[in-house]
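Engineer: Sequence and predicted structure are below.
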Amino acid sequence: MRFPTATSIIHLLLAAQFTEAFQFGSRYLRNGRRTQPLFSTIDDQDSKPKAITKEKKIYIKNEREQIARKKDFYRGAGVFRDVKAEVTQDMKEQFDSDLMNKMKENPNYMIEKDGVEFYLAKDHGFCWGVERSINLAYSAVETFSESKVHITNELIHNPMVNDRLHTKDVNFIGKDEDNGKDFSQIEEGDVVMLPAFGATLEEMKELDAKKVKVVDTTCPWVAKVWNTVHTHQVRGLTSVIHGKYAHEETMATKSMCETYICVKNLEEAEYVSDFILTAKEGDGRAEKFMEKFSKACSSHFDPHRHLKKIGLANQTTMYKKETRAIGQLLQKTMMKTFGPDLINEHYYEFDTICDATQVRQDAVDELCNMHDDPEQVSLDFILVVGGFDSSNTAHLLEIPDARGVTSFHIDAAECVQAENKLKHRTVDGEITTRAPFLTEDMLWTTDADTGERTKKVLRVGVTSGASTPDKEVQDALGRIMMLNKLSEAGYKLKEEKEE
């Protein structure tokens, strides 16, 4: 019989202790994570630890996606393949322009016709998101031709497109003074289209409860903003939205936020910044703050509490330079308040300005350069074509106005009137009439010595909003050419009478 040596006995004892320790530790380590302190003060180490369950937070984004996954919710370019080619051809016939196409073929985007030189902004008109929205809406009408079709708002801010939907018997849901909508006219089985601006979560829930077919034409850039404010919610941030609080797109975005405040311009952002830097609890400024932003913030908003951690988002059609300026202001404000080391905890920013909006703003800025460059011809004015309610079009007007270039915003060709009058929207939002539209100094040069008048070439810069068809622009330019010819014919007739 062979007895173990002292060395082997020691090895056996160490192995036994290691095994016991491993079994002890494994009871408290699961999936690589400690479930209970390794050294417990409980006498009975064999007692089973209680299971700890963490309730999963339900975010607003989860609610939206749950509705969008249902079988009667239609979105995406491929949902109406059977009619897409036919609808695309229909859109081409309705919206294309021979005149605009000729201008685009010219390297300088310029054309001279009937004594007028037109200089087209290199980026203008329909964007991809708008074309997608129109195609989905028209396709839905064709696909569900036997159903009652509604839309919760204007599809886009363009009269020509919305009028076409009216002729297709689409029912537009009206709004009251508080932007509320009456969905009582919608019945189970109807088709309801959501516009390019999107719809609020409350509207989506109400439509879901009614068991209707929903066609979602929301622009993907708008949905990108919703993803950004979701990130704010996850990080525990208040969403500061650069936008107009009553605009359809911003209303939809607000509904996707847990806590928000809307600032429409740099001035309002400066007001918020000053409050963050200087306001104190109990000094009465919170009451004044809430009075100013009562319609532009979430119902539970507390400026002292909710402005400590903020994230910036924006309405996709806002003026890009102003959004950047607001972002820089807020970032500096939070750095001053909490220090540069903690800026990532208190401020988050992601650029959500739509690419189409950005390039159109840059292109009209380039048109304005012609006015300042002595080596280029000077424009008599810039014509901006797009819906009066269109935010992105309104910002196209602001750029030449700020640079001192005469400019006019019209929403349809009919704004150019035969009596040499122009119905237009000012940068302040006022709809007014200019008469005469084409003035003497635009049309004629007068010899200082002889008084003889010579007809000038009228030079017009042209741009249009992202929801404006080229055909609408062509019709407006045709009317300007008509007025130019009438002015020359009228002067010749006057000369003949005097002779």
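Structural biologist: Yep, it's here. Just so it is clear, the model here is predicted, and its values are computed rather than measured.
Engineer: which residue packs closest to Thr352, ignoring adjacent ones?
Structural biologist: Using CB to CB, 6 or more residues apart in numbering and skipping the chain neighbours, the partner closest in space to Thr352 is Val225 (4.6 Å). All C-beta spots, glycine's among them, are computed from the backbone N, C-alpha and C.
Engineer: Could I get the contacting residues of the residue nearest in space to the middle of the chain?
Structural biologist: With distances taken as CA atoms, centre = their mean, Thr316 lies nearest the centre of the chain, 2.3 Å away. Neighbouring residues of Thr316 by CB atoms under 8 Å, 6 or more residues apart in numbering: 219, 221-222, 224-225, 249, 352-354, 357.
Engineer: these two touch, right, the residue nearest to Thr352 and Thr253?
Structural biologist: Yes - counting by CB atoms under 8 Å, Val225 touches Thr253, with 5.5 Å between them.
Engineer: what do the two both touch?
Structural biologist: 313, 315.
Engineer: any idea how far Gln328 is from Glu322?
Structural biologist: 11 Å (CB to CB, to the nearest Å).
Engineer: my bad, should have said Met442
Structural biologist: Applying CB to CB, the value for Met442 to Gln328 is 40 Å.
Engineer: Which one's more surrounded, the two?
Structural biologist: Using other CB atoms under 10 Å as the criterion, Met442 and Gln328 rank with Met442 on top: 17 against 12.
Engineer: Which helix or which strand is home to Val384?
Structural biologist: Using DSSP states H and E, Val384 sits in strand 381-385.
Engineer: my bad, Lys104
Structural biologist: Using DSSP H and E, Lys104 maps to helix 98-105.
Engineer: I'd like the mean pLDDT over that helix, please.
Structural biologist: For helix 98-105, mean pLDDT is 94.
Engineer: What lies in contact with it?
Structural biologist: With contact meaning CB under 8 Å, 6+ apart, helix 98-105 is reached by 109-111, 113, 118, 120, 125, 462, 470, 473-474, 477-478.
Engineer: next structured bit after that helix?
Structural biologist: Defined by DSSP H and E, the subsequent element after helix 98-105 is strand 110-113.
Engineer: ok, so of the contacts of Thr316, who is nearest Arg425?
Structural biologist: Nearest to Arg425 among the contacts of Thr316, counting by CB to CB, is Thr357 at 18.2 Å.
Engineer: What does the pLDDT read for that closest one?
Structural biologist: 88.
Engineer: Repeat that for Arg34.
Structural biologist: The model reports Arg34 with a pLDDT of 39.
Engineer: before we move on, back to that, and the strand holding Val384, what does it pack against?
Structural biologist: Packed against strand 381-385 by the contact rule (3 or more CB pairs under 8 Å, 6 or more residues apart in numbering; DSSP states H and E) you find helix 355-372, helix 391-402, strand 407-410, strand 458-464, helix 470-498.
Engineer: Map the structural domains onto the sequence of the protein.
Structural biologist: Here the domain parsing of the chain from the TED database is 98-125+356-491, 130-218, 221-353.
Engineer: Out of those, the one nearest Lys84 is which?
Structural biologist: domain 130-218 (6.2 Å).
Engineer: May I ask you to confirm that Gln361 is in contact with Ala394?
Structural biologist: No - the criterion here is CB under 8 Å, and Gln361 misses it with Ala394 at 11.5 Å.
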